[in-house]
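J.: Provided below for reference: sequence and predicted model.
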Amino acid sequence: MRLMFLGDIVGRSGRQAVIQRLPGLVERYRLDFVVINGENSAGGFGITEEICQDVLDAGADVVTLGNHSWDQREALVFIERQPRLLRPVNYPAGTPGRGANLFVARNGARVLVMNVMGRIYMDALDDPFAAVARQLDACPLGEQCDAAVIDMHAEATSEKQALGHFVDGRASLVVGTHTHVPTADHMILPGGTAYMSDAGMCGDYDSVLGMDKEEPVQRFTSKIPRSRFEPANGEATLSGLCVEIDDMTGLATDVAPLRLGGKLAPAAPGFW
């Protein structure tokens, strides 16, 4: 099974890059399943129903969220009727939507996808480790699902790494999102789970985390805000990773970073 995960979409530039490039990537790499974090896709803050549908129509199978899940208030409503949009699974009971779901890939495989949010320097949510464990217990890899993907939306790399080791051998992939900077630590853990601390973002890297750089620099140097943050609109880089998953075990056999277009040095999965 061939799976691609793309990091946080930031603004119009990131959206356009995903919508324009993803259909060709699905065909070129014969992708069976695509997951994309979309929590910054609407002007850098949240997601709308129209944007979500555009990303799904382009070839994404699942769109995940994070701490900006509800920045666009309509998301509180349409997430209830969109099973392919996931918010963090460790939100309190009664939160709209779902944090995990089982999907069918293009090759017929059953793929469990969950979105979970860390607690270090983030909102005080329920325990992410316990929340993930409950989902994996309810849908074990190799029994109720053929692959399991976890989007760990968190600030601290230590928390992301700890979760990777916590589920090693029980998930196909643990990948971090939220910090918008791709890390160089993609690997397969000893138990067979592919891991990367942060997938990066789909957005303009001539920026400060996808935002036009003038206002963030102004705030750091003067401590005086002058305007709201706006997404940078230069050419976007698609950042993420690709994973080859064994059809028999559901564990990773290879993992490689993906970077296409824009400012970052290109990286493409050589094993395909």
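T.: Thanks, I have it. Numbering: from 1, shown residues only.
J.: remind me, longest helix of the chain?
T.: Taking DSSP state H as the criterion, the chain has its longest helix at helix 11-28.
J.: Could I get the full set of helices for this structure?
T.: Counting by DSSP H, the chain has helices at residues 11-28, 49-58, 75-78, 128-138, 157-166, 214-222.
J.: can you give me the offset of the second one from its chain's centre?
T.: Between the centre of helix 49-58 and the centre of its host chain there is 15 Å, according to CA atoms, centre = their mean, to the nearest Å.
J.: Give me the angle between it and helix 11-28.
T.: Angle of helix 49-58 versus helix 11-28, following axes from the mean of the first three to the mean of the last three CA atoms, to 10 degrees, is 20 degrees.
J.: now helix 49-58: mean pLDDT?
T.: Across helix 49-58, the average pLDDT comes to 97.
J.: Ends of stretch 204-216, what's the gap?
T.: Length of stretch 204-216, first residue to last, CA to CA, to the nearest Å: 15 Å.
J.: Now for the closest residue to Ala154 other than its chain neighbours: which residues touch it?
T.: Leaving out its chain neighbours, the residue that sits closest to Ala154 by CB to CB, 6 or more residues apart in numbering is Gly118, at 2.6 Å. Every residue, glycine included, has its C-beta placed from N, CA and C. Going by CB atoms under 8 Å, 6 or more residues apart in numbering, Gly118 touches 128, 152-156, 159-160, 163, 178.
J.: and with 7 Å instead?
T.: The contact partners of Gly118, taken as CB atoms under 7 Å, 6 or more residues apart in numbering, are 128, 152-156, 159-160.
J.: for Val34, same thing?
T.: Counting by CB under 7 Å, 6+ apart, Val34 touches 4, 22, 26, 59-61.
J.: follow-up on the earlier one: could the helices of the chain be laid out in CSV, adding distance to Arg84 and mean neighbour count?
T.: Shown next, in CSV, are the helices of the chain (distance: least, CB to CB, whole Å; neighbours: other CB atoms under 10 Å):
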stretch, distance to Arg84, mean neighbour count
helix 11-28, 15, 19
helix 49-58, 6, 18
helix 75-78, 11, 17
helix 128-138, 17, 17
helix 157-166, 23, 18
helix 214-222, 32, 12
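J.: right, and those helices - which one's nearest Thr253?
T.: helix 157-166 (16.9 Å; CB to CB).
J.: which residues are in contact with the closest one?
T.: So helix 157-166 is contacted by 118, 120, 128-129, 132, 152, 154, 174, 176, 189, 193, 195, 197 (CB under 7 Å, 6+ apart).
J.: Stretch 175-194 now?
T.: Contacts for stretch 175-194 (CB under 7 Å, 6+ apart): 5, 7-8, 37, 66, 151-155, 160, 164-165, 167-169, 171-174, 195-201, 209-210, 239, 241, 243, 249, 251-252, 255-257, 259.
J.: are any of those buried, and which?
T.: Neighbour-count burial (16 or more other CB atoms under 10 Å) applied to the contacts of stretch 175-194 gives 5, 7-8, 37, 66, 151-155, 160, 164, 167-168, 171-174, 195-201, 209-210, 239, 241, 243, 251-252, 255-257, 259.
J.: Inside strands: which ones of these?
T.: Of those, the ones assigned to strands by DSSP state E are 5, 8, 37, 151-153, 173-174, 195-196, 201, 239, 241, 243, 252, 255-257, 259.
J.: gap between the residue in the chain sticking out farthest from the centre and Ser207?
T.: Going by CA atoms, centre = their mean, the residue of the chain most distant from its centre is Ser222, 33.1 Å out. Noted for Ser222: a distance of 19 Å to Ser207, by CB to CB, to the nearest Å.
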